[in-house]
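J.: Need coordinates for the below:
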Amino acid sequence: MTLGVLTALLSCTKEFNDIDPQMLPGSSFLFENQTYDVKISHHQVGVVRTDNLGLFQLGHIEDPIFGKTSAQYTTQISLPVSGGNSFGSANADTEVNGLEVASESGTITVDRPPHNEQETVTSVWLEIPYVSNQRDSDGDGVIDALDVDPNDRDSDSDGDNLTDYEESRSSNLNPLNPDTDGDGITDDEDEDTVHPDPGANSYEIDLLYGNTEQVHFSVYKLDYYLRALDPNANFEEGQAYFSDFDLLQLGFAPTVLFDGDVTLDFNEIVIYKEDDPDTEDKDESEEVDERLSPRLRIPLQNTQLFQEILDKEGSSDLENNEAFHAYFQGLVLHIADSSPVLMQLNFSAGQIIVDYDFQSLVLKEDGDASKQEDYEVEDASKSLTLSLNGIRFNTFSQTGVSAEVSNAVSGNDNQENIFLKGGSGVMAQIDLFSGNQGQALLEDLQSRPWLINEANLILYVDQAKTALMGDIAQPERLYLYDLTNHAPIVDYNNDGSTGNYSDQIKTNYGGIPEYDDANNIVSYKFRLTNHLSDLLRNPEDFENVSLGLSVTSNILNIANTTTMDDMEVPVSMIGNPLGTVLAGPNHSNPDLRLKLEVFYTEYEE
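T.: Presented below is the predicted three-dimensional model:
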């Protein structure tokens, strides 16, 4: 019987016992499973290109297995899309020459006199939002991080005998405060509760590792032009920036803009309106003007550098970002060794806010715009927002790597463990059916009329080893891919499952952690059913490729970057600073050993 007939029979909607015995004379179907040995090896990433990352790192993280990782962030800053060469209420030409507008008949309708607005910087802030989420799995209005039971919509997180869902639907109740208005009467008994801040938002802060109470930051002005194009490629290719390019160490960032401790605030930032003196019966300063997600805020101290930007209003240095990047060449952000913290921030939304006062020339009430004497000077204020956009890259250093990791990378281990570490760390190679014996086994399996129901690689965490890493988080996703061709395997491509969060995306393909009752990660599972099926059924078209295994910061990012040695690695690995230790094929505990697990249906006569 051919495999096609076998597949058709297995796809039949009739029960097996209902199949006419004459259809299968002397035959039967066997549902079996087997495990097969695999081989592993390791690759050290080392110096790697980092100007193409989706997530950047800043700070330090250290453990006795992978040693100390340090990350520094370098970035250009860019002018706003509009208004980057004009400050205050008038452009530079109008300030110097005034403004005269005439009608078609020649009658002057506007005659604004020359006036120096004297823009003066009052403060400069570096703001970078934290990576945060508002995941609410049960839809009860309370984010999972604060929900007493994130999978129960009728949970009562504040213990006031009202469900989270019930309170969230009321603008006068706070599901996280049993006495919303603070009058001493709990919400379930209070008939006159009024929420003091009904628009408040809660956030869970992600991607901060280590001691976050107080962090010593340094911010430097860069005195090195970051060119966009590579002269060694005749300026036809983008300039690559690698993780060993340390402009601070090379002396190209001598000007300190900030150096000190910052107390991190993870609360929503609320900005209130200014009070309008013309509305005596209303205080606008009590009204919310804007709500901002939690963010790092650093007061930059050398404000004269930003005053010089305002003083260049109308100059060619501010004509476009290409010119501006040559004038103000960027920033270097650094965290001192005394602060054991590594953070991944939303650098793409980072900005420098330059607050300034100026003398605005305005038309008097009932004044005539065509008469210069009808203009008067008023105090005013504005802000110039510079974005952290343009060329940006990470500088990495990795020191103190343990002997067992070094031995694994050099191939002097017994394959007891698999070591994975993001950034410039370590990735693994998994080979199925390797060597002469493996090839013979593969050819034998290809000759068998098997229907592959499921094929898995289950990677168990070596919890004894990861316990040595302390409180450092384990990676929330791993990536298994075709290492030979540097591309996803077919099971990844065929998996259309999606969602708003990593554990909802590519769920059939896998790489998602499994947890025990103590919320510790115990394993990661990958399905490579289609990969193995193609290898067995279509050997002419599918090569027995090596598989790559790495941590990932974004399971949807399948792009690659290159090391200094021209090795291609997933860019999403470089953006993840975390590491883990998994059981290898020769682990001391046989129950944890990595094997290829295959469930199949076999037809026997």
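J.: longest helix of the protein?
T.: helix 435-446 (DSSP state H).
J.: Can you tell me which helices and strands the helix or strand following that one packs against?
T.: Next helix or strand after helix 435-446 toward the C-terminus (DSSP states H and E): strand 450-460. Counting contacts by 3 or more CB pairs under 8 Å, 6 or more residues apart in numbering; DSSP states H and E, strand 450-460 is packed against helix 3-11, strand 521-527, helix 529-537, strand 579-583, strand 595-604. (Each C-beta comes from the backbone N, C-alpha and C, glycine too.)
J.: Which elements pack onto the third one?
T.: The helices and strands touching helix 529-537, judged by 3+ CB pairs under 8 Å, 6+ apart, are helix 435-446, strand 450-460, helix 490-494.
J.: gap between the first one and the chain center?
T.: Pointing back at helix 435-446 there. Counting by CA atoms, centre = their mean, to the nearest Å, helix 435-446 is centred 42 Å from the centre of its parent chain.
J.: Of the helices and strands packed on strand 450-460, which stretch is the most buried?
T.: Neighbour counts (mean count of other CB atoms under 10 Å) averaged over each of the helices and strands packed on strand 450-460 peak at strand 579-583, with a mean of 25.
J.: Tell me what angle it forms with strand 450-460.
T.: On the basis of axes from the mean of the first three to the mean of the last three CA atoms, to 10 degrees, strand 579-583 is oriented at 120 degrees to strand 450-460.
J.: where's Leu126 relative to Asp534, distance?
T.: For Leu126, the distance to Asp534 (CB to CB, to the nearest Å) stands at 51 Å.
J.: hang on, the earlier thing: so which of the helices and strands packed on strand 450-460 gets nearest Gly400?
T.: strand 579-583 (13.1 Å; CB to CB).
J.: neighbouring contacts of that closest one?
T.: With contact meaning CB atoms under 8 Å, 6 or more residues apart in numbering, strand 579-583 is reached by 63, 65-66, 416-422, 425-426, 459-462, 465-466, 469, 472, 474-475, 521, 524, 551, 589, 592-594.
J.: Among these, name the buried ones.
T.: 63, 65-66, 416-422, 425-426, 459-462, 465-466, 469, 472, 474-475, 521, 524, 551, 592-594 (16 or more other CB atoms under 10 Å).
J.: now the strands for the stretch 51-200 of the chain?
T.: Ranges of strands in the stretch 51-200 of the chain, per DSSP state E, counting those that start in this stretch, are 58-63, 67-75, 99-102, 108-112, 120-129, 132-133.
J.: how about these in a markdown table, adding mean pLDDT and distance to Gly575?
T.: Listed next are those as a markdown table, based on pLDDT from 0 to 100; distance: least, CB to CB, whole Å:
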| stretch | mean pLDDT | distance to Gly575 |
| --- | --- | --- |
| strand 58-63 | 96 | 12 |
| strand 67-75 | 97 | 11 |
| strand 99-102 | 90 | 50 |
| strand 108-112 | 89 | 52 |
| strand 120-129 | 98 | 16 |
| strand 132-133 | 90 | 17 |
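J.: Show me the shaky parts of this protein.
T.: 1-27, 605 (pLDDT under 70).
J.: just to revisit the earlier point, which one, of the helices and strands packed on strand 450-460, ends up nearest to Pro198?
T.: Evaluated over the helices and strands packed on strand 450-460, closeness to Pro198 peaks at strand 521-527, with 38.4 Å, by CB to CB.
J.: Taking their axis directions, the closest one and strand 450-460 sit at what angle?
T.: Using the same axes, to 10 degrees: strand 521-527 against strand 450-460 is 160 degrees.
J.: How far does strand 521-527 sit from its chain's centre?
T.: Remark: strand 521-527 is offset 22 Å from the chain centroid, using CA atoms, centre = their mean.
J.: Give me the angle between it and strand 595-604.
T.: On the basis of the same axes, to 10 degrees, strand 521-527 is oriented at 40 degrees to strand 595-604.
J.: ok, and what's touching the longest helix of the chain?
T.: Tyr36, Asp37, Lys39, Asp431, Leu432, Phe433, Leu535, Leu536, Arg537, Pro539, Asn544.
J.: wouldn't the second one be in contact with Glu597 here?
T.: No - the pair Asp37 and Glu597 fails to qualify as a contact (CB atoms under 8 Å) at a distance of 11.5 Å.
J.: Okay, domains of this structure per the record?
T.: In terms of domains, the chain is parsed into 3-56+402-600, 74-131+205-394 (source: automatic domain parsing).
J.: Make CSV out of those domains and add distance to Glu189.
T.: Output for the domains of the chain, formatted as CSV (distance: least, CB to CB, whole Å):
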stretch, distance to Glu189
domain 3-56+402-600, 35
domain 74-131+205-394, 28
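J.: List the beta-bridge partners for the nearest residue to Glu62 once chain neighbours are set aside.
T.: Counting by CB to CB, 6 or more residues apart in numbering, Lys68 is the residue found nearest to Glu62 once chain neighbours are left out, at 4.1 Å. When bridges are called by DSSP bridges, Lys68 pairs up with Glu62, Thr399.
J.: ok, so what distance separates Lys68 from Phe245?
T.: For Lys68, the distance to Phe245 (CB to CB) stands at 19 Å.
J.: follow-up on the earlier one: just checking, the residue nearest to Glu62 touches Lys421?
T.: No - using CB under 8 Å, Lys68 is not in contact with Lys421; the gap is 11.8 Å.
J.: top strand in this protein by residue count?
T.: strand 28-44 (DSSP state E).
J.: list the contacts for the most centrally placed residue in the chain?
T.: Centroid-nearest residue in the chain, with CA atoms, centre = their mean: Leu55, separated by 4.5 Å. Counting by CB under 8 Å, 6+ apart, Leu55 touches Val131, Leu207, Gln344, Ser553, Asn554, Gly575, Asn576.
J.: Just the helices from the protein, written as ranges.
T.: Going by DSSP H, the chain shows helices at 3-11, 92-97, 164-168, 304-311, 321-327, 403-410, 435-446, 463-466, 490-494, 529-537, 571-574.
J.: Tell me which of those helices lies nearest to Glu236.
T.: Closest approach to Glu236 among these is made by helix 321-327 (17.4 Å; CB to CB).
J.: Gly59 reaches Gln344, doesn't it?
T.: No - the pair Gly59 and Gln344 fails to qualify as a contact (CB under 8 Å) at a distance of 9.2 Å.
J.: wait, Glu204 sits on Val142?
T.: No - if you go by CB under 8 Å, Glu204 and Val142 don't touch, sitting 11.1 Å apart.
J.: Looking at the two, which has the bigger crowd around it?
T.: Neighbour totals were compared for Glu204 and Val142, and Val142 leads with 27 against 16 (other CB atoms under 10 Å).
J.: what's near enough to touch the nearest residue to the more buried one once chain neighbours are set aside?
T.: Residue nearest to Val142 in three dimensions, not counting chain neighbours: Asp164, with 4.6 Å by CB to CB, 6+ apart. Residues counted as contacts of Asp164 (CB under 8 Å, 6+ apart) are Asp140, Gly141, Val142, Asp147, Arg153, Asp154, Ser155, Asp156, Ser157, Pro175.
J.: mind putting these in CSV, distance to Val569 included?
T.: Output for the contacts of Asp164, formatted as CSV (distance: CB to CB, whole Å):
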residue, distance to Val569
Asp140, 41
Gly141, 42
Val142, 40
Asp147, 38
Arg153, 43
Asp154, 47
Ser155, 43
Asp156, 48
Ser157, 42
Pro175, 44
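J.: now the longest strand of the chain against strand 450-460, angle please.
T.: Going by the same axes, to 10 degrees, strand 28-44 makes 40 degrees with strand 450-460.
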